[in-house]
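Asker: How does the following fold in three dimensions:
(one chain, ligands or ions: 2)
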Amino acid sequence: MGIFRRGLSKTRQSFFGRIAQLLGNSEIDDDTWEDIETLMIQADVGFNTTVRVIDQLQAQVRASGLTKSDQLRQAFKEELASLLDFPPALDISGRELSIILVVGVNGSGKTTSIAKLAHRLKNLSRRRVMIAAGDTFRAAAIEQLQTWGERVDVPVIANRPGSDPGAVVYDATVAAKARGYEILIIDTAGRLQNNFNLMRELTKISEVSGKVVPGAPHEVLLVLDGTTGQNAIEQASRFQEASGVTGVIVTKLDSTAKGGMVFSIFNDLKLPVHYLGLGEGLEDLVLFTPEFFVDSLFDDQDTSQF
Ligand SMILES: Nc1nc2c(ncn2[C@@H]2O[C@H](COP(=O)(O)OP(=O)(O)O)[C@@H](O)[C@H]2O)c(=O)[nH]1
Ligand SMILES: [Mg+2]
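Answerer: Residues are numbered from 1 along each chain as shown. Ligands and ions are numbered 1, 2, ... in the order given. Below you'll find the model as predicted:
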């Protein structure tokens, strides 16, 4: 699992690694708390979550009489880990056809993440996967998805650029059912969170899939660009309203020091993070594991048994 540690190295080196160093052998004083708070905010943990963690830690210090800041280190890691629930497995088993709708703003990494996810589900989970090109706005978007489909060796159902995304989703759902596919992943256009019509269209896509397969979509995965940190958190609530988001994929954590945003997805949005994007290649989508995430943010050395 070297990719986990490597992919999170920017966040680790800039912030959490410095917090770890800071919690050396000195006495805990006001400066200690201020430094921790500053570094957490810089790592995009978010204000609410930062304050919550610091309050809890201060209460622990008062209760246990810790005086040395290196004793704080373990308590700090545990406090952060406690913010992260173990995400439930994706709800994509136990029925003939499961449908995953993928939403998020333009450029967040939806199409790339869909290719990586299809690759994982096909090769690791041995599932029969199909993809629907529901982003019909630009010809390039359809072609990009088709190219990934060829590389992953998964069929992509597409229509002409400019055509109704609802119709593509309908066709794809019917095709997946008829041809015995187990998982259909639907790509969508980058819905701007303040654009009412686009949000309504997303609701419609959701309804169309539900007409063919009762209960669909079974998962609505919101793709958030890790490099935008707290801004991505603000976008998320709009998508939650329009499409009933069930979980999150955080992308591009390899190219940012804002990995702290993952804590506020759990704590502020109350959503599970299922996968992290740690690069542009097909293998660069890792399953989110709370303990491993926290370890990778703090420690250069791999001390886990993964
Ligand atoms: N470094 C890095 N780049 C990524 C990751 N995920 C996506 N990208 C890049 O982000 C850009 C936009 O991705 P795309 O999937 O087209 O976004 P979409 O508009 O939401 O479909 C592309 O250049 C991707 O290669 C990631 O985890 N790490
Ligand atoms: Mg796209």
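
Asker: In the record's domain split, what are the boundaries for the protein?
Answerer: Domain ranges of the chain: 2-83, 98-298, per automatic domain parsing.

Asker: now, of the ones you listed, which is deepest in the fold?
Answerer: Of all those, domain 98-298 has the most neighbours on average by mean count of other Cβ atoms under 10 Å, namely a mean of 20. Glycine gets a C-beta too; all of them are placed from N, C-alpha and C.

Asker: what's the closest non-adjacent residue to residue 61?
Answerer: Computed as Cβ to Cβ, 6 or more residues apart in numbering, the closest residue to residue 61 that is not its neighbour in sequence is residue 28, at 6.2 Å.

Asker: Pull up the gap between that neighbour and ligand 2, please.
Answerer: Using Cβ to the ion, to the nearest Å, residue 28 is found at 48 Å from ligand 2.

Asker: Check which element follows the host helix or strand of residue 207 along the chain.
Answerer: According to DSSP states H and E, residue 207 maps onto helix 196-212. Following helix 196-212 in sequence order, the next helix or strand is strand 219-225 (DSSP H and E).

Asker: Please determine whether that next one lies in contact with ligand 2.
Answerer: No. Judged by Cβ under 5 Å from the ion, strand 219-225 stays clear of ligand 2, getting no closer than 9.3 Å.

Asker: ranges for the helices of the chain?
Answerer: Under the criterion DSSP state H, the chain contains helices at 2-7, 9-11, 17-22, 30-42, 47-64, 69-83, 110-123, 139-152, 165-178, 196-212, 229-243, 261-267, 290-298.

Asker: Minimum distance to ligand 1: which of these has it?
Answerer: Between ligand 1 and the helices of the chain, the tightest spacing by Cβ to the nearest ligand atom is seen for helix 110-123, at 3.4 Å.

Asker: end to end, how far does stretch 251-262 reach?
Answerer: For stretch 251-262, the first and last residues are 11 Å from each other (Cα to Cα, to the nearest Å).
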